[in-house]
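Student: Here is my input, please return the structure:
(one chain, ligands or ions: 2)
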Amino acid sequence: MTALTDPDAIVKITPTAGIQVARHGWRAKCLQRLVRMDLPVPTSFAISAEAVRGIAAGHLPDRGALAALIERAEGLVSVRPSAANPAWGGPGTILNVGINNECHARLVQSRGKPAADAIYLGFVQSFAVHVARLDPDMFSDNGGDLQSALRAYESETDEEFPQDPARQLAEVLRSMARAWDGPTARLLRQAKGAPSQAPLGLIVQDMALAIGPGVTGSGSIQLVDSVTGGPGITGRFRGQTQGRAQREGTETLYLTRDPRGPSLEEAAPEVFADLVRYGVACRERLREEMQIEFAISDSNLSIIDAVRVQRSSRASVRIAVALAHDGVIPIEEAVTRVEPRALSDLLHYQVDPRAPRDIIAKGINASPGAATGQIVFTAAAAQAAEARGERCVLVRRETVPEDIRGMHAAVAVLTERGGMTSHAAVIARGIGLPCIVGASGISIDTRARTMQVGTRSFHEGELITIDGTSGEVLAGEAEMLEPALDDSFTQLLEWADSLCRIRIRANADTPEDARKARMFDAQGIGLCRTEHMFFDDQRLPAMREMIFADKPEDRRLSLERLLPMQRSDFVSLFEIMAGLPVTIRLFDPPLHEFLPHDREGMRELAESLDLPLSDVTRRVEALSEFNPMLGMRGVRLGITVPEIYDMQARAIFEATIEASKNGEPVVPEIMIPLVSARREVELVKTRIDAVAAAVRNETRQDFTYRLGVMVETPRAALRAGDIAEHAAFLSFGTNDLTQMTYGLSRDDAGRFMGTYVGQGVFAEDPFHILDRDGVGELVAIGAERARAQAPGIIISVCGEHGGNPESIAFCLRAGVNYVSCSPFRVPVARLAAAQESI
Ligand code: PEP
Ligand code: MG
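Tutor: Numbering: from 1, shown residues only. Ligands and ions are numbered 1, 2, ... in the order given. Predicted coordinates:
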């Protein structure tokens, strides 16, 4: 074994010592700050990460150096881990290193035998279990006294309990250094984002003994509530206790005066006042709400450590805003201190993390929030339950557009199949409904109205809870935390907007969605999927009639019935958005989605259209496609059955005129879906221009509009230069673009996505986080080619990635002007985009 020779390996923590987070860890740096503030911190030394690596490899400091660390004051020290990031953890602290028979005898004199025994016993237990790696059962907290622990140690190791303080310290340091290198510790910290070779520093600190006469003990204090983030002194004080384990017969005091029992504030008012003062000082100097760990020895206070207060999502917002409000941190910093995803916890009910959970299945957490309801297996049953005033969870193998009304009637949705951008997922996020998709562990029998999960079976009407935040399905009812859209939330987002370099719009299909978009301060609608307007009871029959029309004249007649309904939808959207931009996408899905799929439905349709059943069946069969996602949808339908787009364009223009009457002129944005060739744009543009001219003529009113193109096929991205010639804006539909780039069905990928991500084929689900290398490259190429052709063109992303923080970061770098996402994701997007902008 060679000794450590680096003179900087061990540094005393003084106000001017060269302590660095990267070398000595966050705890060393924090202690130095506490020392600089003149708080009563016991003498502390930082051992550098290089030295700790050397110690793990067997190169220990020489005996003299170790003795110098330990032979002061009462001759006892603690050893604590100090990683570069507190989240990475570290080996447990070991207290009272240095105690031996001689020191014990001294402590008997100064503190009495019970205190001296407790201190010695605590160390023997830690040393035996964590350093000598003996059986923990033999040295448990509850078992035995000091003498029997010492005897057990001797009989297990065949040697006397080490009496040399320097040797004790050497062994403790070595065991902690090696524990950091163990495979489990490594995996645990890597899961929290630590690099595989993350450094560990160690702190050797004089013990502030918390066992002995007078007001003596240890505790922690913080000035805010960890759940709400509101002001309030909380913490604990345990008499005659040091470290975590509480000895029998010790007393826990309330920190502040409390009718339920004695408090530290009453027992030692001056010490308490000092603690509060230190808390306030820490907040100001460390610019953070800190939890202070302290020890009191016969009314003498020592500050042992301080860590960032643990906090819920709600508290993290309130604390950041309060710190900026009080001028402790600038607003830019407050904006960066809150994890964007935390905001979505504030928008929805959440299962109380403290409540028990009976987890029956897991799936993809497609839409956050939690809700409890009775199981129903059909959209009709969901609507019936809603009509009875009952809360229900719609459980389906997968959802189809016809289920939309059932989804609106349900409080949550669970599907066996599907992925992050499947129908159920997209719609649920739009409505703000908790949703789990791809829960492949469940098996649904719609006829028997049961759901089998392993050996358990659930019937229609039984209660389940959907936790769309975690992706867990729970049996029965769960306790919930309420949403919290308070002033701090609003303030943080106002600051975020003031710093943000791009705009955030919402995907909103209905007036109700548009109201939500306004509620979350979206800066416009980036995508209105008009097909979602055709699924209500009045419109579906007209839509079906249109699909069944043989001749263009008949088709036009049914479309004329739809026209006023569409027009009034658009008038509402324009009015609600009050001058903010509104982008309306022309009809996108294949027509067969509007037709019934079972015999019963076809019979009903034949009846309502007064057609023979065989005609209906034939028409449905004729419209069915082998691969509808790649079939006659989007612009292909628009060119083949142009009357649909004509009707929509007319509805948009007439609504524009009407909505402009009472205020600023509305400038609608019309978007063509699924384009892959410039000629498609030319053809549609010519017809839309003609409709605009006709409406202007008929009404003698003028208006302008902008025509844009959705870039959803790889070819459209590659040919974006050509396409940009005819477009005022391009919006990347990254859902379809991902589907088509990978050749991966967005509705079926959920089945194997877990395996693929688990085995590292994909780092992440590409429908969830934009794939920078492939899909992202297409976005970047498309944006660059479009701008080369038309420098002023507006570029956006309106796929689901528009609400995902990592994807937003990419979009910002690719130079998009705005992203558009489901209304409930708008706050997360606003914060994520602001953080990337700073
Ligand atoms: C897309 O494909 O990204 C998109 C926004 O359109 P949709 O999800 O409606 O296909
Ligand atoms: Mg699309």
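Student: does the residue most central in space within the chain sit in a helix, a strand or a coil?
Tutor: Taking CA atoms, centre = their mean, the centroid of the chain lies closest to residue 341, which sits 3.4 Å from it. Taking DSSP: H, G, I helix; E, B strand; the rest coil as the rule, one finds residue 341 in the helix state.
Student: ok, now how distant is the closest residue to it other than its chain neighbours from residue 436?
Tutor: Once flanking residues are discounted, residue 341 sits nearest to residue 828: 6.2 Å by CB to CB, 6 or more residues apart in numbering. Using the backbone N, CA and C atoms, a C-beta is placed for each residue, glycine as well. As for residue 828, its distance to residue 436 is 19 Å (criterion: CB to CB, to the nearest Å).
Student: Where do the domain boundaries of the protein fall?
Tutor: Structural domains assigned to the chain are 10-100+162-206, 217-311, 349-481, 500-531+568-590+634-837, following automatic domain parsing.
Student: export these to a markdown table and tack on mean pLDDT and mean neighbour count?
Tutor: Putting the domains of the chain into a markdown table (pLDDT from 0 to 100; neighbours: other CB atoms under 10 Å) gives the following:
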| stretch | mean pLDDT | mean neighbour count |
| --- | --- | --- |
| domain 10-100+162-206 | 92 | 19 |
| domain 217-311 | 89 | 18 |
| domain 349-481 | 92 | 21 |
| domain 500-531+568-590+634-837 | 96 | 21 |
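Student: For the residue nearest to residue 341, give me its contacts.
Tutor: The neighbours of residue 828, taking CB atoms under 8 Å, 6 or more residues apart in numbering as the test, are 340-341, 343-344, 803, 805.
Student: Ok, residue 583 next?
Tutor: Neighbour list for residue 583: 505, 524-528, 669-671, 708, 729, 731, 798, 820 [criterion: CB under 8 Å, 6+ apart].
Student: In a helix, it, correct?
Tutor: No. Assigned with three-state DSSP, residue 583 falls outside any helix and is strand.
Student: rewinding a little: can you lay out the contacts of residue 583 as CSV showing distance to residue 660?
Tutor: CSV is the format used below for these (distance: CB to CB, whole Å):
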residue, distance to residue 660
505, 20
524, 17
525, 17
526, 21
527, 22
528, 18
669, 15
670, 16
671, 20
708, 20
729, 21
731, 24
798, 25
820, 23
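Student: which strands and helices sit next to the longest helix seen in the chain?
Tutor: Among all segments of the chain classified by DSSP state H, the helix with the greatest residue count is helix 552-577. Counting contacts by 3 or more CB pairs under 8 Å, 6 or more residues apart in numbering; DSSP states H and E, helix 552-577 packs against helix 511-519, strand 525-529, helix 539-548, strand 582-585, helix 643-660.
Student: Partner strands of the second one, with direction?
Tutor: Meaning strand 525-529. Strands flanking strand 525-529 in the sheet, each with its direction: strand 503-507 (parallel), strand 582-585 (parallel) (DSSP bridges).
Student: contacting residues for residue 426?
Tutor: Each residue near residue 426 by CB under 8 Å, 6+ apart is listed here: 735, 800, 822.
Student: Now do the same contact list for the first one.
Tutor: It refers to residue 735. Residues near residue 735 by CB under 8 Å, 6+ apart: 421, 426, 712, 746, 767, 799-801.
Student: The strand or helix carrying it and ligand 2 in contact?
Tutor: In the assignment (DSSP states H and E), residue 735 maps to helix 734-742. Yes. Looking at helix 734-742 against ligand 2 by CB under 5 Å from the ion, the contacts come from residue 736.
Student: which one of the helices and strands packed on helix 552-577 lies closest to residue 158?
Tutor: Of all the helices and strands packed on helix 552-577, it is helix 511-519 that lies closest to residue 158, at 72.3 Å by CB to CB.
Student: Give me the distance between the residue lying closest to residue 22 once chain neighbours are set aside and residue 428.
Tutor: For residue 22, the nearest residue in space outside its immediate sequence neighbours is residue 84; the separation is 6.0 Å by CB to CB, 6+ apart. The spacing between residue 84 and residue 428, counted by CB to CB, is 40 Å.
Student: Equivalent analysis for residue 43, please.
Tutor: With the distance defined as CB to CB, residue 43 ends up 58 Å from residue 428.
Student: May I have the secondary structure class of the residue of the stretch 301-450 of the chain found nearest ligand 1?
Tutor: Evaluated by CB to the nearest ligand atom, the stretch 301-450 of the chain has residue 426 as its residue closest to ligand 1, separated by 5.8 Å. In terms of secondary structure, residue 426 is helix; the call rests on three-state DSSP.
Student: can the contacts of residue 828 go into CSV with extra columns for distance to residue 334?
Tutor: Formatted as CSV, the entries for those read as follows, by distance: CB to CB, whole Å:
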residue, distance to residue 334
340, 13
341, 17
343, 13
344, 19
803, 22
805, 17
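Student: out of these, which touch ligand 2?
Tutor: The subset of these within reach of ligand 2, counting by CB under 5 Å from the ion, is empty.
Student: Residue 233: which of these is nearest?
Tutor: Checking these against residue 233 with CB to CB, the nearest one is residue 343 at 27.5 Å.
Student: tell me the contacts of the closest residue to the closest one other than its chain neighbours?
Tutor: Nearest non-adjacent residue to residue 343, counting by CB to CB, 6+ apart: residue 827, 4.6 Å away. If a contact means CB under 8 Å, 6+ apart, then residue 827 has 343-344, 346-347, 489, 493, 520 as its contacts.
Student: Same list as before, these that is, but in a markdown table and with secondary structure included.
Tutor: As requested, the contacts of residue 827 are arranged in a markdown table below (three-state DSSP):
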| residue | secondary structure |
| --- | --- |
| 343 | helix |
| 344 | helix |
| 346 | helix |
| 347 | helix |
| 489 | helix |
| 493 | helix |
| 520 | coil |
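Student: now the helices and strands packed on helix 552-577 in JSON lines, with distance to residue 206?
Tutor: Supplementary listing: the helices and strands packed on helix 552-577 in JSON lines, determined by distance: least, CB to CB, whole Å:
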{"stretch": "helix 511-519", "distance to residue 206": "56"}
{"stretch": "strand 525-529", "distance to residue 206": "61"}
{"stretch": "helix 539-548", "distance to residue 206": "78"}
{"stretch": "strand 582-585", "distance to residue 206": "66"}
{"stretch": "helix 643-660", "distance to residue 206": "74"}
